[in-house]
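> got a structure for you, letters missing:
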């Protein structure tokens, strides 16, 4: 997994600030409310950015953070532990694995819809959906191989980049180009450019591709 340097720097900065948000007086530790409030908001923002505000990490940190700014020292320690755990999850690839699983499930769902459409004789929508699953798979494979792209990147170009990276051979690159061409025909309403059998072959080919390279 590619680690975002800015996110890693933010984690490190927050860890370095920990000694300055906690205090000790008469051998009793306490929370410096003003400093901890600022630190906690920054940590909460980072966790939300990385894992999402609906994540367990965000929810747990937010609950303990509210207790900590009310002066509960143990909650401040729990906040630190949650941040450390979140950092470990991030650097060890947990987040990447979750996103990959979601993509895989989405791809499977799209292929499942395509199969149902094929069984009911609707080759054109099925062709388009299989193309969507193929594009998702190509982007997923780029993520795994560290090949960068943006929202404007085309699947055809990513196919070329994957070939350049020697992820697969030239024969498969050409096959994927042909598959993407079918998808484009469907997207542009050029339905006479392919047959029902072509779409069935496309679906089987994309399934094999996903099974071999993304399972």
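Sure thing, it's come through. Keep in mind that this is a model prediction, so the values were computed, not measured.
> check contacts around the nearest residue to residue 33 once chain neighbours are set aside.
Spatial nearest neighbour of residue 33, chain neighbours left out: residue 69 (5.9 Å); criterion: C-beta to C-beta, 6 or more residues apart in numbering. In short, each C-beta sits where N, CA and C put it, glycine included. Listed by C-beta atoms under 8 Å, 6 or more residues apart in numbering, the contact partners of residue 69 are 31, 33, 36-37, 40.
> at 7 Å instead, please
Residue 69 makes contact with 33, 36-37, 40, according to C-beta atoms under 7 Å, 6 or more residues apart in numbering.
> what does the pLDDT read for it?
Note on residue 69: pLDDT of 90.
> same thing with residue 118?
87.
> all helices for the protein, in order.
Ranges of helices in the chain, per DSSP state H, are 5-21, 33-51, 56-68, 73-91, 94-119, 123-145, 155-164, 170-187, 196-213.
> return the most buried member of those helices.
For the helices of the chain, the largest average neighbour count (mean count of other C-beta atoms under 10 Å) is found in helix 123-145, namely a mean of 21.
> now it against helix 196-213, angle please.
20 degrees (axes from the mean of the first three to the mean of the last three C-alpha atoms, to 10 degrees).
> how near is the closest residue to residue 7 other than its chain neighbours to residue 18?
Spatially, and ignoring its direct neighbours in sequence, residue 7 is nearest to residue 50 (6.1 Å; C-beta to C-beta, 6+ apart). Look at residue 50 and residue 18: by C-beta to C-beta, to the nearest Å, they are 18 Å apart.
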